[in-house]
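J.: Okay, predicted coordinates and the sequence, questions at the end:
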Amino acid sequence: MVPVSSLISVLSYAVAVLGYLPVAPHVDLAVRLAFPMALAVGIYLDKKGTYPFTGIPSTAVTVTFFIVYFMQLSMATPAAPVVNFLVVLLSVRLVNEKSPRNLLQIFALALFALASSSLFSLSAIFLVYLFLQLGLIAVSLVLLTFHSMDARLRLTRQSLRRVVGVALAMPVASLPLLLIFFAILPRTQYPLLNFLNVPGERATGFSDRVEPGKASSIGDVKTVAFRAECEQLGRNDLYWRGIVFDTISGATWVRSGKHLVEVSATPRGKAIRQVVYPEPSRNSYLLALDVPLRIDGVRASQDADFTFTRRPSGSGRIRYEARSVLTGAIPVPRGIDQSHYLRIPGRVSARIAALAGEFTAGNPTDEERLNRVETWFRQQAFRYATSGLAVTADPVDAFLFVSRTGHCEFFASSFATLLRLSGIPSRLVGGYYGGDYNEVGGYYAVTEDRAHVWVEAFVKGKGWVRVDPSSFASNFDRTTASSRGLAAKVAGLVDSFTWYWNQAVITYDLQKQVDFVRRANRQFKGLSLALDPHLLPRVFALAAVLALFAWWFTARSGRTPEERILRNFLVRVEKVYGIPRNHRSRGLHELSHMVDDPAVAVFVDIWSGAIYRDRRLSREECRQLKQIINTIGDGRRTELDKQG
Amino acid sequence: MNLAKRAEMLHVIDTLATHYLKGKVRAVRLSVIALLSGGHILLEDIPGLGKTTLALALAKALGLSFGRVQCTSDLLPTDITGLSIFNRDESRFTFVPGPIFNNVVLVDEINRAMPKTQSALLEAMEERKVTVEGTTHHLPGPFLVIATQNPVEQVGTYPLPESQLDRFMVRSGIGYPPDIIEKAIIKGGSIRDGIQSLEPLVSANDIAEAQRAVKEGVYLSDAVVDYLYAIVAATRSHPAISSGISTRGAIGMAETAKAHAYLEGRDYVIPEDVKAIAAPVGAHRLILTMENDNLDKGELLNAVLNTIPVPLA
């Protein structure tokens, strides 16, 4: 025969130890020593059946340590104080009575402690601890239900075996589900829950063709296209490269898809690493700062013109890491297929041809020609606008000579056409320009209205040189100025929350977890867990003041031992029988008649026998009363059992 | 615990309440409490609910002599106290004691007697002696007056003034018995004859001893005195009460609370004892203000009780 109560006690010790062991190497020395001592004292007190630390001593210790560790809490050390405090709490619970409430707290605290150990080191042994702890807690909880029905219950070995078997079946059965929900589902290459995340058909500024003159205005969509985590950069570096258009077909620029054989040398310049979180969209071009050299974290194919395409083209939420070099030129030492990049549409208006003739007069060098085109463009003072545009079959002519107003597509396609007519190989690059730097999250949020097209001109000796004709517009500064003010700041904050959510929840993967653990490890290694020597006297002073205050408070309230006993009695009766204790015009005997509990009756007799004889309670009576208080409600429970 | 003769007293209450005065346990108990604390009891209820039976049974069971006075408006004080009559044989006046010279005196319909008679009676109750023609005669002990009055009939009555009411330790109604018991009573018929054959359960000595036990053996703590005083003080300052419980009333409450504790088997008084006797002992001593005259005094006193914190420690 095994008494359930002692069995539960032993299980609770085991659970607590399983919570303590994994964090033990990472907590303060004092706390590390406190736990085994608390465990030993707790076992001793359980044997004796008295709990001298219940109430104010426990609370005082808890509050003191809470303050000590709360003061240590900072962004740099988010976990260590919490873990220390967890172990302190666990120790305090261990020296107190193992009431069902306390036991549940021990279980929860031990689980938390174990979980927090994963912040310091994540070894495979963690899983062993976890399964052991879950199993023990399951058994304890089942035993606890027996215990709450009858505290003196004893089980035979056979029935005990059955109880343990049934209790263990629960965690074992839930294990596969646990694995599916928390380990497998979030880690598949093709997320199984992705149907929740399908992008809607939405207006996008970025497209795989450049068609100026097709619409009289373009939308000004403020939705975020992608977010890129990187350092803050100058405005002129913020060209996000996406796609290269190399072929003119009528008035439309498209990507030929022709396999180019040009071999680029690695561009030189400042290297920038970005982590990009594109919003789900239908296009499969991966964006990165100009010029991107490689993209990791997603399967992608790279073309010779530094266009990266996602393979296979999916639409789920992804993240990838890009490495770029900030430069305005891509050297191509072995040259390019000149004829491909000089091909012009069949139909070119006479005045454009004449204009091009001016640029080539005197057979100048490539650089000189480029200079001339640029200078001319600048002199014209074209206006940048996104509405009131010419709808025409020859947008280049209309833009250069008639409307003189257009958006980046007009600027870029006109400029590139002029370049090609002047004998300079050129192409259009589509992507985004600019972005709002979110200082909270440390990333650029790039909205759809920042979609942009610029020109790359091939200059012998330099390679592909980036030219942004839109910047020659007379009103360019105003159109690209980023918004400031409170609304923008709030929007930024909201956006950073979205970003954190995407980063920490949606695109969270094992790699990230490992990174996080490593980072946490690094942080904690550099951290000395001892108290700051300057802080120590202050903490002690504070604790002393608190203790003094607590003492003063209890002394002032004049709580004699008798009053404490009476209060505990009334609280207990209120808890067990739901009779409010602040009914001041009710005597104790009336209370005793109301509840019909022998324990209450005995208490009231002893109590009033002293109080209403004008004498103080003897020490023996106090002890007896305290014991009686704990048995209040037992009679009721057995009565309920009989009914049940 | 030094609670002499408690068992005997409880036996009297049990026997009367279960065999003779079914459903009147409260009235019986209050009567015994009044007896033990040396006071008198005023039963106030409509006729026919067993007031007289109660007084008779009590006298029989206690083994005491019983006297009865039926009050009428022409009842003279000497009809109660007794008077000197010329004895022709001895050629001198001899004192013939009236019905008051008994241990238990039933004064039926006390409010029918004229004030002069009432006053003589009440004086005798208070002083426990009677002075007739210059000679003082002591009344026998124990001495318990059970007076009854009909609160409904008002014609031709002289209602007891408050000052006189104050002399009754306990005032109580009897009330209808519970229906099951009343049916049994109807079936069984009057039990007057049964009472006639009731053997005394205790002796006068036992009663005297019990009275002494209540007076000296039951402890009244300072805390309970404070509580009692708080009640009395609250009645004096209550807006609906023009005159609260007198000091005599407070003493009566303390005495009866002791007797209550004695019957409960305790040698100390608890606040619940005070609560239990507060209405029967205190209520009839309250004099209400004119506008609140129709309030029930018992309920008013209970309401006052509910505002006074019980000393728990």
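T.: Good, I have the coordinates.

J.: what about the residue of the stretch 201-350 of chain A found nearest chain B, how many neighbours?
T.: Residue of the stretch 201-350 of chain A nearest chain B, by CB to the nearest CB: A:R317 (66.2 Å). Every C-beta, even on glycine, is put in place using the N, C-alpha and C of the backbone. Look at A:R317: counted by other CB atoms under 10 Å in any protein chain shown, it has 16 neighbours.

J.: so it makes contact with A:S281?
T.: No - checked against CB atoms under 8 Å, the pair A:R317 and A:S281 is beyond contact range at 10.3 Å.

J.: shared neighbours, the two?
T.: When contacts are counted by CB atoms under 8 Å, 6 or more residues apart in numbering or on different chains, A:R317 and A:S281 have no shared neighbour.

J.: list the contacts for the residue in the stretch 451-600 of chain A that chain B sits nearest to?
T.: Residue nearest to chain B within the stretch 451-600 of chain A: A:R584 (3.9 Å; CB to the nearest CB). By CB under 8 Å, 6+ apart, A:R584 lies in contact with B:P309, B:V310.

J.: for it, helix, strand, or coil?
T.: coil (DSSP: H, G, I helix; E, B strand; the rest coil).

J.: From A:R564, how far out is it?
T.: According to CB to CB, to the nearest Å, A:R584 stands 18 Å off from A:R564.

J.: ok, now B:E123?
T.: Applying CB to CB to B:E123 and A:R564 gives a distance of 54 Å.

J.: Get me the contact residues on chain B for chain A.
T.: B:219, B:221-224, B:268-272, B:275, B:305-313 (CB under 8 Å from any CB of the partner chain).

J.: For PyMOL, what selects the buried ones among these?
T.: A single PyMOL command selects the buried members of the residues of chain B next to chain A (16 or more other CB atoms under 10 Å in any protein chain shown):
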select buried, chain B and resi 219+221+223+224+268+269+270+271+272+275+305+308+310+311+312
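
J.: Among the residues of chain B next to chain A, which lie within helices?
T.: Among the residues of chain B next to chain A, DSSP state H puts B:D222, B:A223, B:V224, B:P271, B:E272, B:K275, B:L305 in helices.

J.: Leaving out chain neighbours, which residue sits closest to the second one?
T.: Which is B:A223. B:P311 (4.2 Å; CB to CB, 6 or more residues apart in numbering or on different chains).

J.: cool, and the first one?
T.: Excluding its sequence neighbours, the residue lying closest to B:D222 (CB to CB, 6+ apart) is A:D614, at 5.7 Å.

J.: so how many other residues sit close to the nearest residue to A:L89 once chain neighbours are set aside?
T.: Nearest residue to A:L89 in three dimensions, chain neighbours excluded: A:L109, at 5.4 Å (CB to CB, 6+ apart). Residues lying near A:L109 (other CB under 10 Å) number 24.

J.: ok, B:G252 touching B:I41?
T.: No - judged on CB under 8 Å, B:G252 makes no contact with B:I41 at a distance of 11.4 Å.

J.: any shared contact partners between the two?
T.: Contact criterion CB under 8 Å, 6+ apart; residues shared by B:G252 and B:I41: B:M169.

J.: pLDDT score assigned to the closest residue to B:G39 other than its chain neighbours?
T.: Nearest non-adjacent residue to B:G39, counting by CB to CB, 6+ apart: B:M169, 2.3 Å away. pLDDT recorded at B:M169 is 90.

J.: how far away is B:M169 from chain A?
T.: 22 Å (CB to the nearest CB, to the nearest Å).

J.: got a list of what that residue touches?
T.: Residues near B:M169 by CB under 8 Å, 6+ apart: B:A34, B:S37, B:G38, B:G39, B:H40, B:I41, B:G252, B:E255, B:T256, B:V281.

J.: ditto for B:A213
T.: B:N2, B:L3, B:A4, B:K5, B:R6, B:Y262.

J.: what do you get if the cut-off is 10 Å, keeping everything else the same?
T.: B:M1, B:N2, B:L3, B:A4, B:K5, B:R6, B:M9, B:L36, B:K258, B:A259, B:Y262, B:D267 (CB atoms under 10 Å, 6 or more residues apart in numbering or on different chains).

J.: Next: A:I611.
T.: So A:I611 contacts A:E562, A:L566, A:L588, A:L617, B:S221, B:A223, B:V224, B:Y268, B:I270, B:P311, B:L312, B:A313 (CB under 10 Å, 6+ apart).

J.: which one of those residues sits closest to A:F131?
T.: Proximity of those to A:F131 (CB to CB) peaks at A:L566, which lies at 47.8 Å.

J.: backbone phi and psi for that closest one, please?
T.: phi -60, psi -40 (degrees, to the nearest 10).

J.: what's the neighbour count on it?
T.: Using other CB under 10 Å: A:L566 sits among 22 other residues.

J.: Distance of the closest residue to B:E109 other than its chain neighbours relative to chain A?
T.: Distances taken as CB to CB, 6+ apart place B:C71 nearest to B:E109, at 5.0 Å, with adjacent residues excluded. In this view, B:C71 and chain A are 40 Å apart by CB to the nearest CB.
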